[in-house]
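S.K.: take this sequence and fold it.
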Amino acid sequence: MNVFRLPLRLRAVFQALLAAASLLLGTSCLAAPIPVPNGDFSNPANNGTVGGGVIGGSGSAAIGSGPWHGTYAGIAGLLAPPSLSIGSGRATIGGLAGVNVLGIVSNSGYFSQDFGIPLVANRHYVLQANVDAGVPLDLGIINDGNAGLGLTVGSTSLITTFDAIPNSVSLSLLSGTTYRLVLTLDTGPVVGAGNLGVRLFGRPQGLVTANLLTSVSYSNVSLTSSVLNPLAASIGPAGGTPQGATINSAFAAPLTVAVLDNEGDPVANATVTFNTPQFNASAQLSATTAHTDAIGHAQVTAVANAVAGGYMIGASVAGVPTPAGFNLTNLAGVANSVASTLGTPQTASVNSPFLVPLTVLVVDAGSHPLGGLSVTFVTPASGPSASFVGGASVTTNIAGVAQVNAIANTMAGGYAVTAHVNGSGATATFNLTNTGGPASLVLPASGTPQSAMVSTPFGAPLGVRVTDAYGNPSSGVSVLFTAPAIGPGATFPPVLITTTVITDAQGAADVTATANGLAGSYQITATSAGLLTPAVFNLTNTATAPPQGSGTSGNGQGANVNAAFQCRLQLKVTSNGTTPMPGVSIDFVAPASGPTAVLSNGVNSGNSVTTTTDANGLTSVTATANNLAGTYAIAAGVSGSGNALATYQLTNFAAGERLFADGFEGTPALCPAH
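M.R.: As a prediction, this is how the structure comes out:
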């Protein structure tokens, strides 16, 4: 290849030309990339430094684990070699030095690597890298060799940025002092043998003080290759299909084709011929031929004729047998009516598709079907609803029809789906119903755990709830309740150890149970055909009399609003009036509204608190009046029984009322210690 150095007096003349060339090169984005191992210098295994050291030293070595090598040279007796370092995402040549132009000596260094692929004839190569020397750069500095790029074949230099012809190099500012340096090479029909390689230089040449760089960094190295003078091998649409336009109006997007060679790179200056239908729906084009640009694109604009309907416009290029096609639709006019034609009403099981697509017909005021319009289907945002395969927005076809396939969500129930054309007030409605799936779960809903004295009914019924896999109630399901056949157990009316109950509309079923004559704990199960896991009720038949209780402290107290009552509300639980019952679960319950108190057992607080009797059968809670004056009762009873063992009458006094009610408030009442 013939190369020459551009005289200094002509460099400024070529600056603008090179800038324009860089824009053109930048558009060739489809050129095939050649992998540059660790081209972004991000691999920490490749980090390291070579060079530096004593005056006149030189050498070449891999940096880190490669693939980059560093080559450096100093001047014997005058200059130490530069250091070549890779780290923090860049390769830096530092410590560059030289004597001024009268001395004509300098140290130098470069990064290099062999790509392991041969140089190919008749190719357009583009080598690019970011360059940062910490100061503004221009092509004069690049041509002086202070910083630059180069391509090699084997150990031979093919071209560098400081000895290339002018239109082979461009420099553009990215930000700050970082520039994008581009070097291009066009190979001829014959090339030298050897692998293709790259070098990143720091080699001062015309050493004037203003131009001498002491450090230069490189990053984001890339290399691409494309065929010189490519021939068209394919043509395809790059924009403008499918689309629609109202009759006698322009299509919004131009009809754009991309012409590529057999390597997928763009073909410039190819002649593309566009063909339109001669009859019925068609379009008038801005031109019947167009030439591809630098990225292989050619385009024309189109105006719909006066006939509504769909059609295809073809685009062909010499040497390619298959043309590109553009699907266009001339639309009749503005939507006047949207009607649901299929898919309503219908039902589907939860989480299953509806069998019939939701279909609408869109027509104008003259009842002409309108194609190319966007129809949006809208479902409820919560509760029973549906989703759509491929999205909720669909474009009408040439017959004015749009449809979607719907899938029921996991919630059972009925709902409406609406469809509307964007920009039109007309809507269509679809009435859909999601039905519950097959029964999947049977869960205990009430009655566990609980106890009853032998031969007496349990206080709460044994209740279950049957649902499908998504929690929807399953009605009409047979639930079999089964008690133990021997030992402690229970019976269901009339006197059975099994009974079957049908779930109601809410999926609920319950039975009453009576303890048999044997004391002890046991389980009752509730199952349904086809369900593997039963609901389990933990019950206990007690041989002792039911718990009895008496309030031992706290009844009849008064306290100002928002103040604590002086004495705890204490209950003693016995089995026969005298024998303490430890471990009994007791609920203290205050009114939920009006004058009331907040209860606390030190762990939980609220209008209802559950406690457990101690070894002496005693349990208690504290009470704090709310902000409403008045008298009320707090009940204490065995958890789940619904029966009160004791009640406590309390009074919340309004501000100033207590002095009037209690005189001078004598000695405070004595409260039991518990």
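S.K.: where does pLDDT dip in the chain?
M.R.: Applying pLDDT under 70 to the chain flags residues 1-30, 98-105, 144-145, 203-212, 306, 544-545, 576, 658-670, 672-674.
S.K.: Thr49 is in contact with Leu84, isn't it?
M.R.: Yes - counting by C-beta atoms under 8 Å, Thr49 does reach Leu84; the two are 6.8 Å apart. To be clear about C-beta, it is placed using only N, CA and C from the backbone, and glycine gets the same treatment.
S.K.: of the two, who's got more company?
M.R.: Legend: neighbour count by other C-beta atoms under 10 Å for Thr49 and Leu84, higher for Leu84 (28 against 15).
S.K.: the stretch 151-300 of the chain: helices as residue ranges?
M.R.: Counting by DSSP state H, counting those that start in this stretch, one finds no helices in the stretch 151-300 of the chain.
S.K.: what are the boundaries of the strands in it?
M.R.: Under the criterion DSSP state E, counting those that start in this stretch, the stretch 151-300 of the chain carries strands at the ranges 156-160, 169-175, 178-186, 195-202, 215-227, 234-239, 243-246, 255-260, 271-275, 283-285, 289-291, 297-300.
S.K.: what's the overlap in contacts for Thr49 and Leu84?
M.R.: Taking C-beta atoms under 8 Å, 6 or more residues apart in numbering as the contact definition, Thr49 and Leu84 share the neighbouring residues Ile63.
S.K.: name the helix or strand for Ile142, please.
M.R.: helix 139-143 (DSSP states H and E).
S.K.: mind giving me the domain ranges of this protein?
M.R.: Here the domain parsing of the chain from automatic domain parsing is 8-227, 234-331, 337-390+400-435, 441-542, 548-662.
S.K.: can I get these in a markdown table including distance to Cys671?
M.R.: Shown next, in a markdown table, are the domains of the chain (distance: least, C-beta to C-beta, whole Å):
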| stretch | distance to Cys671 |
| --- | --- |
| domain 8-227 | 74 |
| domain 234-331 | 86 |
| domain 337-390+400-435 | 52 |
| domain 441-542 | 32 |
| domain 548-662 | 4 |
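S.K.: then stretch 476-487 to CSV, C-alphas only?
M.R.: Extracted C-alpha coordinates of stretch 476-487, given in CSV (Å, rounded to 0.1, in the frame of the first residue of the first chain):
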residue,chain,number,x,y,z
GLY,A,476,-72.1,-28.9,46.4
VAL,A,477,-69.1,-30.9,47.6
SER,A,478,-69.8,-33.9,49.9
VAL,A,479,-67.7,-33.7,53.1
LEU,A,480,-67.4,-36.9,55.2
PHE,A,481,-66.8,-36.2,59.0
THR,A,482,-65.3,-39.3,60.8
ALA,A,483,-64.8,-39.8,64.6
PRO,A,484,-62.7,-42.6,66.1
ALA,A,485,-64.5,-46.0,66.2
ILE,A,486,-63.0,-46.9,69.6
GLY,A,487,-61.7,-45.1,72.7
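S.K.: do I have it right that Val598 meets Asn626?
M.R.: Yes - Val598 is within contact range of Asn626, at 6.7 Å (criterion: C-beta under 8 Å).
S.K.: before we move on, back to that, of all the strands of the stretch 151-300 of the chain, which lies closest to Phe653?
M.R.: Of all the strands of the stretch 151-300 of the chain, strand 169-175 sits nearest to Phe653, with 76.3 Å by C-beta to C-beta.
S.K.: which residue packs closest to Thr246, ignoring adjacent ones?
M.R.: Nearest residue to Thr246, sequence neighbours excluded (C-beta to C-beta, 6 or more residues apart in numbering): Leu331, at 4.9 Å.
S.K.: what about the one you found, how many neighbours?
M.R.: Leu331: 26 neighbours (other C-beta under 10 Å).
S.K.: ditto for the one 4 residues further on
M.R.: Here the neighbour count serves as a burial measure; for Ala335 (other C-beta under 10 Å) it reads 23.
S.K.: what's the answer for Ser219, then?
M.R.: When neighbours are counted by other C-beta under 10 Å, Ser219 registers 19.
S.K.: from Pro37, how far off is it?
M.R.: Distance of Ser219 to Pro37, given as C-beta to C-beta, to the nearest Å: 15 Å.
S.K.: got the contact list for the closest residue to Leu139 other than its chain neighbours?
M.R.: Spatially, and ignoring its direct neighbours in sequence, Leu139 is nearest to Leu171 (5.6 Å; C-beta to C-beta, 6+ apart). Contact analysis of Leu171 by C-beta under 8 Å, 6+ apart lists 18, 22, 137-139, 142, 179-182.
S.K.: follow-up on the earlier one: do I have it right that the residue nearest to Thr246 meets Ala245?
M.R.: Yes - with contact defined as C-beta under 8 Å, Leu331 reaches Ala245; the gap is 6.5 Å.
S.K.: any shared contact partners between the two?
M.R.: Residues touching both Leu331 and Ala245 by C-beta under 8 Å, 6+ apart: 304, 372.
S.K.: and the gap between the residue lying closest to Ser215 once chain neighbours are set aside and Val50?
M.R.: Take Ser215 and drop its neighbours on the chain: the residue closest to it by C-beta to C-beta, 6+ apart is Gly94, 4.4 Å away. According to C-beta to C-beta, Gly94 and Val50 sit 12 Å apart.
S.K.: those two - which one has more neighbours?
M.R.: Neighbours were counted for Gly94 and for Val50 using other C-beta under 10 Å; Val50 has more, 24 against 17.
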